[in-house]
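> Mind folding the following:
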Amino acid sequence: MSDLLWPGDHRAGDLFTDASVVAAMIRVEQAWLDALIERGLAEPSVATALDGLAGPDDLPSLAVGAESGGNPLIPLLKLMRARLRGRNTAAVGWLHKGLTSQDVVDTALVLCLRDAAARIRVQLSAQISALTRLAGEHRETRMAGRTLTQHAIPITFGLKAAGWLTGVLDARDTLAEAARLPIQVGGAAGSLAAPVALAGDPVTARELVETAARNLDLPPREPWHTSRAPLTRIGDAFTTCTDAWGRIANDVLIGSRPEVRELIEGAAEGKGGSSAMPNKQNPVHAVLIKRAAIAGPPLAATLHAASAAAVDERPDGSWHVEWATLRALSRRTLTAASQTAELLSGLVVESGRMLATLHGARPGIDAEQLSITPGVTPDHHPYLGATDEIIDAVLARAERR
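Here you go, the predicted structure:
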């Protein structure tokens, strides 16, 4: 999958592609069929491997067929049943038995989201390593602190990097919590009516759901057909990530302006060039990261709007809008995660330019210090507050997993 109008989308690889969504739906059906057999509700003779019942060549027809029933599982089931007849006729009647479309689509989305979260966490780890290095190496690198775009008081770049790291650590922790996504099985109207009818009693039906959840390595949970907090939470977590990276990108964009020139993106062949101006070296990764940070919140807001619009026992339209929204948000977040890790690993810190800017801002930038401690020479008594202690605390937090 690629997206010409979202440069860098290839970094997301096969995440949330049509093929991976189909594979996830088949995994859910397989886990349920296996659970029916494990709980003794279906005969062992119906055991069969569902993998391979649909392939890449089937994707166009499945996409077209999804319109008729309003979701992609319906044409997939039709295709799977047709092909099962030539492999294991006994399994045809047990495929999808006790489930509804939303059970399979929701749980398939959960599997794709779990994959997205795992890949993003890898990039977050790389970012944390790069920021830990920057904060440590530059704890003594003096620069002008800025508030409301103007010079404020002296700080160090190590403190700025520690601030960036704090945002990334917040994103890491938020994502870790939100990524504990549960299975979604409730039957036609969220009451587990069909599973109970199959199992004979509610206790066995709930055990059936727990078995399917275990087969998918997902935690069990009561049906959440119209209670969409698991999806809004993961959407918010992805946006917390892009918020943190957007803040970094903005600082790099400002710091790389020619008149500032305190931060420079790492160079690479063909990176940052212009179609018309050979003199330019654009901070392209920071630009693309900022783009993702701008685009993320509206996508998360769509998930909240859908959750608020849920009605009855299956939402009419608000359920359907979640799917493409989650795909876009997941792929864009992973793309930005990779770009941010690369940006930070190659970031060039112009410490000499930072110091020159700080000296050029004097005596105004020392006004607060001189008002509190008159007569102190700023050059000999740098006004850095608890900078070392703050950096140490953030670095200690980064070491905790």
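> Make sure Asp51 is actually in contact with Met25.
No - using CB atoms under 8 Å, Asp51 is not in contact with Met25; the gap is 11.6 Å. The C-beta positions use only the backbone N, C-alpha and C, and glycine is treated the same way.
> quick one: which of the two has more around it?
Regarding Asp51 and Met25, a neighbour count based on other CB atoms under 10 Å identifies Met25 as having more, with 27 against 10.
> Tell me, what's the model's pLDDT at the residue nearest to the more buried one when sequence neighbours are not counted?
Nearest non-adjacent residue to Met25, counting by CB to CB, 6 or more residues apart in numbering: Ala108, 4.4 Å away. The model reports Ala108 with a pLDDT of 98.
> and if you look at Glu399?
The model's pLDDT for Glu399 equals 94.
> With Asn282 instead?
87.
> Could you do Ala393 as well?
pLDDT for Ala393: 98.
> Any idea how many residues pack against it?
As a burial measure, Ala393 scores 13 neighbours (other CB under 10 Å).
> Now it: which helix or strand?
Using DSSP states H and E, Ala393 sits within helix 387-399.
> which parts of that helix are buried?
By 16 or more other CB atoms under 10 Å, the buried positions in helix 387-399 come out as Thr387, Ile390, Ile391, Val394, Leu395, Arg397, Ala398.
> would you list these in TSV and tack on distance to Leu4?
Below are the buried residues of helix 387-399 laid out as TSV (distance: CB to CB, whole Å):
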residue	distance to Leu4
Thr387	45
Ile390	43
Ile391	42
Val394	39
Leu395	41
Arg397	40
Ala398	37
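> Format the CA atom coordinates belonging to stretch 283-299 as CSV.
Provided in CSV are the C-alpha atoms of stretch 283-299 (Å, rounded to 0.1, in the frame of the first residue of the first chain):
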residue,chain,number,x,y,z
PRO,A,283,13.8,20.4,7.0
VAL,A,284,11.5,18.0,5.3
HIS,A,285,11.0,15.5,8.1
ALA,A,286,10.0,18.2,10.6
VAL,A,287,7.6,19.5,8.0
LEU,A,288,6.0,16.0,7.5
ILE,A,289,5.9,15.4,11.3
LYS,A,290,4.1,18.7,11.8
ARG,A,291,1.6,17.7,9.1
ALA,A,292,0.8,14.5,11.0
ALA,A,293,0.4,16.4,14.2
ILE,A,294,-2.1,18.8,12.5
ALA,A,295,-4.0,15.9,10.9
GLY,A,296,-4.2,13.6,14.0
PRO,A,297,-6.7,15.5,16.3
PRO,A,298,-9.5,15.8,13.7
LEU,A,299,-9.3,12.0,13.1
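> give the contact list for the residue lying closest to Ser351 once chain neighbours are set aside.
Leaving aside its chain neighbours, Ser351 sits nearest to Thr141 (4.7 Å; criterion: CB to CB, 6+ apart). By CB atoms under 8 Å, 6 or more residues apart in numbering, the contact list for Thr141 reads Thr156, Phe157, Gly158, Val349, Ser351, Met354, Leu355.
> again with Leu84
Thr48, Leu50, Leu53, Ala91, Val92, Leu95.
> you'd agree the first one is in a strand?
In this case it means Thr48. No - using DSSP: H, G, I helix; E, B strand; the rest coil, the assignment for Thr48 is coil, not a strand.
> distance between the ends of stretch 144-160?
11 Å (CA to CA, to the nearest Å).
> Show me how far that stretch is from its chain's centre.
Chain-centre distance of stretch 144-160: 30 Å, with CA atoms, centre = their mean, to the nearest Å.
> what's the answer for stretch 65-75, then?
27 Å.
> quick revisit: show me what contacts the residue nearest to Met25?
If you count contacts by CB under 8 Å, 6+ apart, Ala108 has them with Val21, Ala24, Met25, Arg27, Val28.
> how about these in CSV, adding distance to Gln127, secondary structure and pLDDT?
Formatted as CSV, these follow (distance: CB to CB, whole Å; DSSP: H, G, I helix; E, B strand; the rest coil; pLDDT from 0 to 100):
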residue, distance to Gln127, secondary structure, pLDDT
Val21, 28, helix, 98
Ala24, 27, helix, 98
Met25, 32, helix, 98
Arg27, 30, helix, 98
Val28, 32, helix, 98
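> out of those residues, which is most surrounded?
Ranked by neighbour count (other CB under 10 Å), those have Val28 at the top, with 29 neighbours.
> looking at it, Thr240 is touching Arg172, isn't it?
No - applying CB under 8 Å, one finds Thr240 not in contact with Arg172, separated by 9.4 Å.
> all helices of the stretch 151-300 of the chain, in order?
Here the stretch 151-300 of the chain has its helices, by DSSP state H, counting those that start in this stretch, at 157-178, 193-199, 202-215, 229-255, 284-308.
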